[in-house]
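1. Below is the structure, and that's it, no one-letter string:
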């Protein structure tokens, strides 16, 4: 092959490599910013800064005063700890569920089946809906709840409460009040 032909083939191959592999040719292109705005996550927080208060709601109780450091419950007693809670909710489709955790740690084995602990939220705030322990919010905002934690020592019948239920501590410091986000159910 002639030198000129070899040189032309080499130049053509080099040109093809530069055009195809390196992208040295540009075709028209345009770009635009999308004005979709910003999506921001909301929040669901709870504050229990103010101390709660105990009351004795037992049938036949002489007073409604109850001090867990000096007063002791007996079969048939019901005592309630009322805790005010402030919830800050910000988000579309936001619901929360209040739960009291660590029951197993709070109630000793000797009182299992004899003592129950329950939580009931209540509120008069408009825009707040409570169904059982589920709390839903009509709009973002701050909401006040009263949470009643009820300790009920079942009465039973004469002689039916085991002796080993006496002098048992119910460690309510082990309880935790938790507000979890839950997804709304579709009607």
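-> Everything's here; your move. In this text, all values refer to a predicted model and were calculated from it rather than measured experimentally.

2. so where is the protein shaky, pLDDT-wise?
-> Along the chain, segments meeting pLDDT under 70 span 1, 4, 7-8, 10-25, 100, 102-104, 174, 187.

3. just so I have it, where are all the helices in it?
-> With DSSP state H as the criterion, the chain has helices at 3-20, 103-106.

4. Looks like residue 93 contacts residue 184 (just checking).
-> Yes: using Cβ atoms under 8 Å, residue 93 is in contact with residue 184, at 5.5 Å. Using the backbone N, CA and C atoms, a C-beta is placed for each residue, glycine as well.

5. May I have the beta-bridge partners of the residue nearest to residue 45 when sequence neighbours are not counted?
-> Distances taken as Cβ to Cβ, 6 or more residues apart in numbering place residue 88 nearest to residue 45, at 4.7 Å, with adjacent residues excluded. Beta-bridge pairing for residue 88 (DSSP bridges): residue 45, residue 142.

6. quick one: residue 88 and residue 44 touch, right?
-> Yes: here residue 88 reaches residue 44: they are 7.5 Å apart, a contact under Cβ under 8 Å.

7. Which residue ranges of the chain form strands?
-> In the chain, the strands defined using DSSP state E lie at 43-47, 53-56, 78-90, 95-101, 115-122, 128-131, 134-137, 141-153, 176-182.

8. Of the ones you listed, which is nearest residue 37?
-> Closest approach to residue 37 among the strands of the chain (Cβ to Cβ): strand 78-90, 16.9 Å.

9. What is that closest one packed up against?
-> For strand 78-90, the elements it packs on are strand 43-47, strand 53-56, strand 95-101, strand 134-137, strand 141-153, strand 176-182, judged by 3 or more Cβ pairs under 8 Å, 6 or more residues apart in numbering; DSSP states H and E.
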